[in-house]
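Enquirer: sequence-free structure coming up:
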């Protein structure tokens, strides 16, 4: 439906205002990243009430805005569960979609991931892990740094940190990921 509709900022605003779950996901697909403001991002992130709305809006719209890197850092510091998740989803999505970003833009995220790795909330924990893994799959330099960060996280002593670290190390050291990095 989003492909048929095409990009339409006004329609996206109407869909979001409807408060209908599926309409909000659609809003993330049809909105125009160039027209999204930081204020809109703040208003929408406060409305996130499920992982799928959070993930779809962040990885199909917000990550394509000029505010994405800043919001990833900002939101990862917030306490609200889906706002914090949004920060880490942005980190993961930027790792895949922002082809022009330099390594140092992702290295900034690693200490934040480490800092928040003890958050036991499932939606935060999974997004934190996702961000770490996606950064580590971007290139061999970031892979090494992400594995180092995962090993530091492992020492934090919380159940969440241990899960994030072991899952990330398992994937980032796997043959398939290592082979992909050589391409």
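Expert: Noted; the coordinates are in hand. Computed from a predicted structure; not experimentally measured.

Enquirer: Mind giving me the packing neighbours of the helix or strand harbouring residue 11?
Expert: Using DSSP states H and E, residue 11 maps to helix 9-17. Counting by 3 or more Cβ pairs under 8 Å, 6 or more residues apart in numbering; DSSP states H and E, the packing neighbours recorded for helix 9-17 are helix 21-30. Just so you know, the C-beta spots here come from the backbone N, C-alpha and C atoms, and that holds for glycine as well.

Enquirer: How about residues contacting the helix holding residue 11?
Expert: Outside helix 9-17, the residues within contact range by Cβ atoms under 8 Å, 6 or more residues apart in numbering are 5, 23-24, 26-28, 30-32, 35-36, 44, 47.

Enquirer: what residues are up against residue 53?
Expert: By Cβ under 8 Å, 6+ apart, residue 53 lies in contact with 21, 24, 25, 28, 47.

Enquirer: Contact partners for the third one?
Expert: In this structure, residue 25 makes contact with 52, 53, 56, 57, judged by Cβ under 8 Å, 6+ apart.

Enquirer: same thing with the last one?
Expert: Contacts for residue 47 (Cβ under 8 Å, 6+ apart) come out as 16, 19, 24, 53.

Enquirer: Done for today, thanks.
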